[in-house]
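Using only what follows, build the 3D model:
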Amino acid sequence: MPKNDNVHPNEEIAHRAAFEKLYKELPFYNITFPLAQIDEIDWARGKWANPYYSYFYKRFTTHIYSLLDIQTDDSLLIIGCGFGFDEKNISSLYPGAKIWSIDISKEMLIRSIRSGTPSNFSLALAEKLPFPDNSFDKVLSREVIEHVIDPQSMLNEINRVLKHNGLAVITTENEESLGPTNFFDGRFSPTINKAFRMPSQKPSYKDSAPTLKEMKLMTEKAKLKIEKTIYDGASYKYLISLNNFLRDKLTSAAHYLSCLENNNTFAFLFCDQVKYKLRKHSNVISGNKTRSEIVYVCPEDHSALTLNCNGDLVSPNNNVYPFEDGFFNFLDKSTESWQRKDHSMAPANPILKRVFFKTLNLFLRIMRKAYCGFYIILLLTASVFMKKNNTFPTTHFDRDFVHSKYIMAHKRTNRGT
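The predicted structure follows:
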């Protein structure tokens, strides 16, 4: 998804402010080793949701780590640390790994540090990484690229900081799936709303995942090679809406439908998550195979920084990057106030227009229910013809589990691009 040159100068500030507000409303999870303790989390999404989200978190996480193939003494950059779950997992499973993390939210960095997350933190943009060229063995970015204002610049930066033959795993949403949340709510309904100029409320932050075609174009421009494209999380977004109906069978239903992930076509149509395994293009003859020392550099021009008497970093052109709350701040220091933009249209005054909008909304609700019924039939019909994944994960996840036959059993056939 190419950068929009018409972006308002304050968009970055607004984007960051929206996430700060969102994250401050989330509960604090004091988890030391999530793969073993993830079942303790209250996801606050319904009575039967906790085992469901824990199941998917375990599956997604163990699969991501198997793709990363972390080795002893690997240097790893995590773009978007969130609560610091991945840092805690990786440091426990791979004690020799050296981890660095960035996030655009000061709130999340503070929470990660408070919970004892083992990493080197900085407040920075994915599009302007404060690290030197050729410095990391691996990069992990989990559910971030759909929120980044300029994903092309993010991928360019990942290529820049990766060492010779370095590897990155990028996960995001598959907004091309047939799930009601993606197809009906994300594509069909907005098209109708736009056509009839109906009032609508857009989120205050970017939330748009790249399509497979867009991802291929961006990675090619960034000189990254997509080694594997893996769709999983069959009906992940929709099943949770049936929690009051499925109740304690919700997680079992999710595992039953995981069989759809074993077929290329069905995985693309029904899975709500996608993982990209990327490799940095390397010139074997002239490429620099030696990893650079990982130090903070100026995110604008990658020049060396010096430490002043206050413990802050200073660039050659006297930009100061302060050390505060346990991390360096590489973001714009602007203190402009920002109010959430209200994108909703003014309500129509004429009575006939109000009646028309209400009728159209009722029609869309009926259409959505009809589509959900069609989707369930299609989902179950497709699953009948697929070989089922019989291995159901246990509740205890440790090093042995990550390298167990469970991971091998869930290797997808849809790994080619």
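
quick one: secondary structure of residue 273?
For residue 273, the assignment made with DSSP: H, G, I helix; E, B strand; the rest coil gives strand.

Low-confidence regions, the chain specifically.
Filtered on pLDDT under 70, the chain yields the residue ranges 1-9, 200-203, 283-289, 332-349, 390-417.

for it, which helix is longest?
helix 351-384 (DSSP state H).

CA atoms only for stretch 264-280 - export them in CSV, please.
The C-alpha trace of stretch 264-280 is given here as CSV (Å, rounded to 0.1, in the frame of the first residue of the first chain):
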residue,chain,number,x,y,z
ASN,A,264,-4.6,-23.4,-0.4
THR,A,265,-7.9,-22.3,-1.7
PHE,A,266,-9.9,-22.9,1.4
ALA,A,267,-7.2,-21.3,3.6
PHE,A,268,-7.3,-18.1,1.5
LEU,A,269,-11.1,-18.0,1.6
PHE,A,270,-11.8,-18.8,5.2
CYS,A,271,-8.7,-17.9,7.3
ASP,A,272,-8.6,-14.5,9.0
GLN,A,273,-4.8,-14.4,9.6
VAL,A,274,-1.8,-14.4,7.3
LYS,A,275,1.9,-14.8,8.0
TYR,A,276,4.7,-13.8,5.6
LYS,A,277,8.1,-15.2,6.0
LEU,A,278,10.5,-12.7,4.3
ARG,A,279,14.1,-13.1,3.4
LYS,A,280,16.5,-10.2,2.6
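
Where does the closest residue in space to residue 325 that isn't next to it in sequence sit, in terms of helix or strand?
Nearest non-adjacent residue to residue 325, counting by C-beta to C-beta, 6 or more residues apart in numbering: residue 110, 5.6 Å away. C-beta: built from backbone N, CA, C; applies to glycine. Assigned by DSSP states H and E, residue 110 belongs to helix 106-114.

Direction included, what does whatever helix or strand comes next after that helix pair up with?
Beyond helix 106-114 on the C-terminal side, the first helix or strand identified by DSSP H and E is strand 120-123. Strand 120-123 sits in its sheet next to strand 98-103 (parallel), strand 327-329 (parallel), going by DSSP bridges.

Sheet partners, orientation included, of the helix or strand that strand 120-123 is followed by?
Downstream of strand 120-123, the next assigned helix or strand under DSSP H and E is strand 136-142. Its sheet considered, strand 136-142 pairs with strand 75-79 (parallel), strand 162-173 (parallel) by DSSP bridges.

Deepest in the core, which of those is it.
strand 75-79 (a mean of 24; mean count of other C-beta atoms under 10 Å).
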